[in-house]
Structure formats: structure tokens, C-alpha cells
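Student: Task: produce atomic coordinates for the following.
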Amino acid sequence: MQVALFQPDIPQNTGTILRLCACLDVSAHIIEPAGFPVSDRHFRRAGMDYLDQVTIMRHDSWSKFEHWRNEQGYRLILFTTKSPGCYLDYRYKADDILLFGRESAGVPDEVVAASDARVVIPIKPGLRSLNVAVAAAMALGEALRQTSSATMETAR
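Tutor: This next block holds a predicted model:
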């Protein structure tokens with residue numbers, strides 16, 4: 001399982017998601033351009049010392065990420081507020097990439113069209129969306145539960 005962030009623009013959320021990936025031993029992809037430098041103090045603070053424990057691949061652009069993904073043969077699962085399909089009903093595979101869009105704008109139509117599946121985390125009517133870091137945690141938890149690929153130790 002892998003997580004990809006499309007042009008993330010809030011450093012605290014990105015740092016939190018990378019910390020999540022470190023703790024669950026999941027690789028992360030950042031599709032540039034990001035809306036902040038990796039030296040941003042909010043990003044570093046949210047990721048803490050976990051940033052050294054996560055495998056991060058940076059892709060200069062959407063097209064470069066897509067080229068890499070297609071060469072590898074990975075499915076791309078887009079989490080979006082504009083999907084009729086619930087993320088709990090989707091059947092994940094261990095080598096899927098879970099994609100999350102920009103906090104401020106989601107993803108462009110080109111990215112939507114390239115995704116192999118689009119799923120939503122249902123929320124109360126009238127509300128816009130969950131925080132992207134919360135959504136990533138929920139999505140990754142369900143995908144790992146289904147694929148039994150979590151490598152963390154069980155707490156006693």
C-alpha cells in the first residue's frame with residue numbers, strides 16, 4: 001500500500017500524513033508542486049522525527065508521477081468528495097496507491113480521469129469535507145485492514 005499527495009498545500013497536514021506513513025510502514029509520494037518548502041517549520045513540526053522513518057518519493061509533476069506509476073503497473077485510487085462509491089465498499093489490493101488531492105482545490109479533471117477508481121468517505125450532509133490527514137488515516141486504515149499488510153506490532 002502507498003499514499004500519494006497531489007500538490008499538497010498545507011504543511012501541517014502533509015507532515016501528519018508522512019508521520020502516519022512512517023508509523024504504518026507505508027511509502028509516500030508527493031506530486032509537485034507543493035505549496036510550501038520542505039524546510040517549512042510547520043511541516044517539520046507535524047512530521048517530527050518520523051520524517052526520517054518514511055520512504056518518500058517526490059515527483060516533479062503529475063505527468064512524471066503518471067509515467068512512473070504506469071511503468072510500475074499500480075492502481076490509483078482517488079479519494080474525492082465527488083464520488084458515489086463508499087471507500088468501505090471498495091476492494092483494495094496490497095499494491096494500490098491511495099491518492100489525496102489538494103486541501104484547497106482537490107485534483108483537476110485530468111487526474112480524476114487517470115484514476116482507476118474514485119471513492120468517498122461519507123460525511124454528514126451539508127458539510128464540505130474532512131481534513132485530508134484525517135481522511136488519509138481512515139482510508140489507509142481500511143485499506144490495510146482489508147489487505148492485512150500492516151506491519152506494526154500489536155500493543156499489549
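
Student: would you list every one of the helices in the protein?
Tutor: In the chain, helices defined by DSSP state H lie at 11-24, 41-47, 62-72, 109-114, 132-147, listed in chain order.

Student: for those helices, which one sits closest to Phe79?
Tutor: Of all the helices of the chain, it is helix 132-147 that lies closest to Phe79, at 5.5 Å by C-beta to C-beta. All C-beta spots, glycine's among them, are computed from the backbone N, C-alpha and C.

Student: Which neighbouring elements make contact with that closest one?
Tutor: Judged by 3 or more C-beta pairs under 8 Å, 6 or more residues apart in numbering; DSSP states H and E, the packing partners of helix 132-147 are strand 2-6, helix 11-24, strand 76-79, strand 97-100.

Student: quick one: the third one to chain centroid distance?
Tutor: Here the centre of mass of C-alpha atoms in strand 76-79, compared against the chain's by C-alpha atoms, centre = their mean, to the nearest Å, lies 8 Å away.

Student: That strand packs against which elements?
Tutor: So strand 76-79, by 3+ C-beta pairs under 8 Å, 6+ apart, packs with strand 97-100, helix 109-114, strand 117-119, helix 132-147.

Student: Just the residues contacting the first one, thanks.
Tutor: I take that to be strand 97-100. Contacts to strand 97-100, defined as C-beta atoms under 8 Å, 6 or more residues apart in numbering, come from residues 1-6, 17, 29, 69, 74-79, 107, 111, 115, 132, 135-136, 139-140, 143.

Student: Kindly report the same for the longest one.
Tutor: Taking contacts as C-beta under 8 Å, 6+ apart, the residues outside helix 132-147 that touch it are 1, 3, 5, 8, 10, 12-13, 16-17, 20-21, 24, 26, 77, 79, 87-88, 91-94, 96, 98, 100-101, 103, 119, 121, 129-130, 150.
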